[in-house]
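Chemist: Generate coordinates for the sequence data below:
(one chain, ligands or ions: 1)
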Amino acid sequence: MSSLFTAEHEDMRHGIRKFVRLELDPHAEAWEEQGAAPLPQLFRRAGELGLLGINKPVRYGGLELDFSYVMVAAEELGHAHCASIPFAIGAHLSAIPALAAHGSDALREEFLAPAIRGEAVASIGVSEAGAGSDVSAVASRARKDGDDYVIDGAKMWITNATHARWISLLVNTSDEGGPYRNKSLIVVPMDTPGVAVGKPLRKLGMHCSDTAPVFFDSVRVPRRHLIGEEGKGFLYQMEQFQQERLWACLRTLSALDDAVQLTSDYTRERRAFGRPLMDNPAIYHRLAEMATQIEALRALAYSAGQALVAGDDVVRRASMAKYLAGKLALEIPSACAQFFGGQGYMWDNRIARMLRDLRIVAVGGGANEVMLEVIAKQMGWIGRSRARA
Ligand SMILES: Cc1cc2nc3c(=O)[nH]c(=O)nc-3n(C[C@H](O)[C@H](O)[C@H](O)COP(=O)(O)OP(=O)(O)OC[C@H]3O[C@@H](n4cnc5c(N)ncnc54)[C@H](O)[C@@H]3O)c2cc1C
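Modeler: A predicted model of the protein is given here:
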């Protein structure tokens, strides 16, 4: 894949690096202290820089580049000291692939174009209190009434919910065809009467990214807000999950790189028993192991990205990459915090923050165990009905 990164990729990389260093990192500590970043302004800035429509059509304001450029963006934003920013941008980006690929021209003009410009923050509404890992169990529904859908239900843990202008909502639109063929994706503007955003949830980490439940009570939207074909929502959602998972994987990769770098810097400086901590084989072996694990993750993520760019089936490799990212996101910050000793237990220490922030990678967008189910299915080891991808 590295041969796929051309001079144009490197130009984009440098531009995003500058944005991260000059416009995000200087504010990271203050935002973390406040537990909030100015997300609407940051989305607009990301839109100006072209980051929200890298692989989307020029017609709607995108750059119409391939997914390899999105990978560069995820990697560079992943270095941000405030992990909530690439997390929030990732949620926004995960809400738009189905609209971009299957939405009508009018729908794309109305909702995709402002999302690409960063004027309209988007959310993805899949999970419910009773349906997280098992997406097929979604209970929210939309019934047809004349030219409208009338939507009732509730979504849980919705990233960007308090800022979002619209949500890509997975709902049941029929009682026929079983749980994989009775669902649709519908664009719901958040200011539609009957939509209510609940109190932002207090989280272990990602404090500058808002997460809230969203309730739908007889919400009426025109039927033209349907994305693509009715009954294909589950399929479209599984397609757009692949890009979401790779984004999560690539931003995590960079954060893990930073964790190892910070730990190597610290253990070179910090002395115990008359020598730098780094002089202990137990420490440099573990750091060497972590660096190796990160390189393995990079190779897997690049190979999945390459498959996506080539238009190949990406599910097996994207699931493997997401699984490995989730596993390392649990293990590496914890091992690094250990080598920081008491400092690693301090709330404001960046390693301690990584410990809190990165944990979500093992759960969000498909928990580690769910990824293993998908991989096992892809390998032909379990039946089709057990794990959906
Ligand atoms: C900060 C945050 C942001 C989020 N943002 C969004 C968002 O924007 N939009 C959205 O739709 N959702 C969002 N989610 C929801 C997230 O995708 C779900 O939490 C996730 O899919 C897991 O679902 P669940 O919490 O219901 O866990 P459950 O389905 O209850 O599973 C609990 C645990 O059981 C284990 N498990 C589950 N299935 C299996 C199995 N088959 N075999 C073995 N073990 C299993 C896993 O360890 C899993 O973590 C967000 C969640 C968080 C915490």
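
Chemist: from here on, contacts and neighbour counts on C-alpha atoms
Modeler: Will do.

Chemist: Not counting its neighbours along the chain, what's nearest residue 197?
Modeler: Ranked by C-alpha to C-alpha, 6 or more residues apart in numbering and with sequence neighbours excluded, the top spatial neighbour of residue 197 is residue 214, at 4.5 Å.

Chemist: Ok, residue 208 next?
Modeler: Leaving aside its chain neighbours, residue 208 sits nearest to residue 36 (4.1 Å; criterion: C-alpha to C-alpha, 6+ apart).

Chemist: Give me the secondary structure label for the one you found.
Modeler: Secondary structure, DSSP: H, G, I helix; E, B strand; the rest coil: residue 36 is coil.

Chemist: just residue 163 next, same as before
Modeler: Recorded secondary structure, residue 163: coil (three-state DSSP).

Chemist: hang on, it packs against residue 92?
Modeler: No: between residue 163 and residue 92 there is no contact under C-alpha atoms under 8 Å: 10.7 Å.

Chemist: out of those two, which sits in the busier spot?
Modeler: A direct count of neighbours by other C-alpha atoms under 10 Å for residue 163 and residue 92 places residue 92 higher, at 27 against 17.

Chemist: for the more buried one, what are its contacts?
Modeler: 121, 122, 123, 124, 160 (C-alpha atoms under 8 Å, 6 or more residues apart in numbering).

Chemist: What about the third one? Give its phi and psi, please.
Modeler: By that I understand residue 123. Taking degrees, to the nearest 10, you get phi -120, psi 160 for the backbone angles of residue 123.

Chemist: Am I right that it is in contact with residue 170?
Modeler: No: contact between residue 123 and residue 170 fails when scored by C-alpha under 8 Å: they sit 11.4 Å apart.

Chemist: So which of the two has more stuff around it?
Modeler: Set residue 123 next to residue 170 and count neighbours by other C-alpha under 10 Å: residue 123 wins out with 30 against 26.

Chemist: hey, what's in contact with both of residue 163 and residue 92?
Modeler: Counting by C-alpha under 8 Å, 6+ apart, the residues touching both residue 163 and residue 92 are residue 121.

Chemist: How about the one helix or strand residue 257 maps to and the ligand, any contact?
Modeler: Element membership for residue 257, per DSSP states H and E: helix 233-269. No: remark: helix 233-269 sits outside contact range of the ligand, by C-alpha under 6 Å from any ligand atom, the gap being at least 10.1 Å.

Chemist: in which helix or strand would I find residue 150?
Modeler: Assigning secondary structure by DSSP H and E places residue 150 in strand 148-159.

Chemist: packing partners for that strand?
Modeler: Applying 3 or more C-alpha pairs under 8 Å, 6 or more residues apart in numbering; DSSP states H and E, one finds that strand 148-159 contacts strand 122-125, strand 141-145, strand 211-222.

Chemist: Next, the angle from the second one to strand 211-222.
Modeler: Inter-element angle recorded for strand 141-145 and strand 211-222: 20 degrees (by axes from the mean of the first three to the mean of the last three C-alpha atoms, to 10 degrees).

Chemist: what does the stretch 151-300 of the chain put close to the ligand?
Modeler: Counting by C-alpha under 6 Å from any ligand atom, the residues of the stretch 151-300 of the chain close to the ligand are 157, 158, 159, 211.

Chemist: hang on, isn't the last one packed against residue 159?
Modeler: Yes: here residue 211 lies in contact with residue 159, judged by C-alpha under 8 Å, at a distance of 4.4 Å.

Chemist: what's the closest of the helices and strands packed on strand 148-159 to residue 342?
Modeler: For those, proximity to residue 342 was assessed by C-alpha to C-alpha; strand 211-222 is nearest, at 30.5 Å.

Chemist: List the strands paired with the closest one, with their directions.
Modeler: Paired strands of strand 211-222, with direction, are strand 148-159 (antiparallel), strand 195-197 (antiparallel) (DSSP bridges).

Chemist: what's the residue most central in space within the chain sitting at in phi/psi?
Modeler: Closest residue to the average C-alpha location of the chain: residue 90 at 3.9 Å, with C-alpha atoms, centre = their mean. In terms of degrees, to the nearest 10, the main-chain angles of residue 90 are phi -60, psi -40.

Chemist: Ok, residue 178 next?
Modeler: Per degrees, to the nearest 10, the backbone of residue 178 is at phi 80, psi 170.

Chemist: Repeat that for residue 297.
Modeler: Main-chain torsions, residue 297, degrees, to the nearest 10: phi -60, psi -40.

Chemist: before we move on, back to that, these two touch, right, the residue nearest to the centre of the chain and residue 243?
Modeler: No: in this structure, residue 90 is not within contact of residue 243 by C-alpha under 8 Å, at 9.3 Å.

Chemist: what residues does stretch 129-146 touch?
Modeler: 126-128, 149-156, 170-174, 179-180, 223, 234, 366-367, 370.

Chemist: Any part of that stretch near the ligand?
Modeler: Yes: counting by C-alpha under 6 Å from any ligand atom, contacts between stretch 129-146 and the ligand involve 131, 132, 133, 134.

Chemist: and the protein, what are its domains?
Modeler: As given by automatic domain parsing, the domain ranges for the chain are 2-117, 122-228, 235-378.

Chemist: Run the chain-centre distance for the second one.
Modeler: By that I understand domain 122-228. Mean C-alpha position of domain 122-228 versus that of the full chain (C-alpha atoms, centre = their mean, to the nearest Å) differs by 17 Å.

Chemist: now the longest one
Modeler: Averaging C-alpha positions (C-alpha atoms, centre = their mean) puts domain 235-378 14 Å from its chain's average.
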